[in-house]
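Enquirer: I would like the atomic coordinates for the input below:
(one chain, ligands or ions: 1)
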Amino acid sequence: MPYDFTGKVALVTGSSRGIGAGMVQAFDASGARCVVNYVPDSEGRNRADAETIAASLRDPLLIECDVSDPGQVEAMMHRIETECGGLDILVNNAGILRDRTIAKMSEEEWGSVLDVNLTGPFHCLRQALPILRPGARIVSLASVSGQLGLFGQANYAASKAGLIALTKVAARELARRQISVNAIAPGFIQTEMTRDLPVEVAERALVAVPVGRFGQIADVVNAALFLCSEDARYVTGQVLNVNGGYFM
Ligand code: NAP
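Expert: From the prediction side, this is the model:
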């Protein structure tokens with residue numbers, strides 16, 4: 001076990017699948033007690049996914065919460081405090097895509113992505129403050145799109161660029177409590193989010209990745225484990241690029 005998070009409580013938002021699911025499994029394997037979070041859908045698929053992930057963990061807490069709803073986030077933090085006694089690791093992972101060129105993008109497409117990807121982490125950060133223990137770690141999932149501004153992603157790129165700025169401000173404000181705040185900016189990682197990329201877009205993207213492959217969930221998870229570990233105690237306000245050299 002490269003890192004030991006025994007005795008720590010870790011909340012990973014949007015951990016029913018993809019990178020978030022990989023995160024809770026890795027933190028659990030490293031000794032942390034994990035909170036699995038999902039947002040419900042009408043078919044109950046997300047809850048089923050979250051239950052499957054939770055069943056693979058030792059002592060999970062499963063919480064339904066839409067991170068874009070401040071009331072639900074407050075209730076989630078209250079449950080974590082009541083049932084786990086506090087929080088040591090917050091990973092703002094929940095995120096959505098609604099790609100469209102600016103000319104065709106609706107206000108709903110713009111607003112929903114900002115609400116989940118940027119305002120959601122703000123709610124989580126703010127509402128977690130009273131229950132974060134000294135030495136806590138916050139990691140937010142940004143994106144290479146927030147650095148490059150990828151075509152068709154005005155909403156998504158703006159949300160991730162904003163998340164990088166939020167990370168830096170929070171790092172300054174929380175440093176005196178010995179709480180570090182960092183972001184990870186993944187490139188193209190193989191998950192459901194990237195599964196539906198048109199073939200020609202995927203091929204073009206791959207040519208631009210110097211290491212010659214798309215990223216795996218483990219590549220991002222390993223970066224988060226490091227940032228949340230004691231080894232990263234002097235690292236705060238940073239953006240760790242996990243993109244195979246796509247943006248450097
Ligand atoms: P994913 O497979 O689509 O999973 C997204 C997760 O977010 C799901 O667990 C989903 O929960 C959850 N979620 C969505 N809306 C939510 C809400 N309102 N409240 C709570 N949870 C919500 O995505 P992923 O590829 O693992 O991406 C994870 C993070 O990495 C995202 O922030 C994404 O922007 C970022 N990222 C990904 C890539 C990539 O190439 N995959 C690249 C750069 C950055 P349900 O299952 O309950 O819907």
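Enquirer: which ones are touching residue 62?
Expert: When contacts are counted by CB atoms under 8 Å, 6 or more residues apart in numbering, residue 62 touches 35, 36, 38, 50, 51, 54. (Each C-beta comes from the backbone N, C-alpha and C, glycine too.)
Enquirer: go ahead and confirm residue 112 touches residue 96.
Expert: Yes. Residue 112 is within contact range of residue 96, at 6.9 Å (criterion: CB atoms under 8 Å).
Enquirer: any bit of the least confident helix or strand in the chain by mean pLDDT sitting next to the ligand?
Expert: Lowest on mean pLDDT, DSSP states H and E among the helices and strands of the chain sits helix 192-195, with a mean of 82. Yes. Interface with the ligand: helix 192-195 contributes 192, 193, 194 (CB under 6 Å from any ligand atom).
Enquirer: residues near the second one, how many?
Expert: Neighbourhood size, residue 193 [other CB atoms under 10 Å]: 17.
Enquirer: list the residues that contact it.
Expert: 18, 95, 97.
Enquirer: what about the residues you listed, which are in helices?
Expert: The helices, defined by DSSP state H, take in residue 18 from these.
Enquirer: residues of this structure that sit close to the ligand?
Expert: For the chain, the contact set with the ligand under CB under 6 Å from any ligand atom comprises 13-14, 16-20, 37-39, 46, 49, 66-68, 93-96, 116, 141, 143, 186, 188-189, 191-194.
Enquirer: for this structure, just list every one of the helices.
Expert: Remark: helices assigned in the chain by DSSP H are 18-29, 45-55, 70-84, 107-114, 120-128, 145-148, 154-174, 192-195, 199-207, 217-228.
Enquirer: what about the chain, any weak spots by pLDDT?
Expert: For the chain, the stretches with pLDDT under 70 are 1.
Enquirer: list the buried residues of stretch 186-197.
Expert: Residues of stretch 186-197 classed as buried: 186, 187, 188, 189, 191, 193, 194 (neighbour count, 16 or more other CB atoms under 10 Å).
Enquirer: okay, which residue is most central for this structure?
Expert: Nearest residue to the geometric centre of the chain (CA atoms, centre = their mean): residue 93, 1.5 Å.
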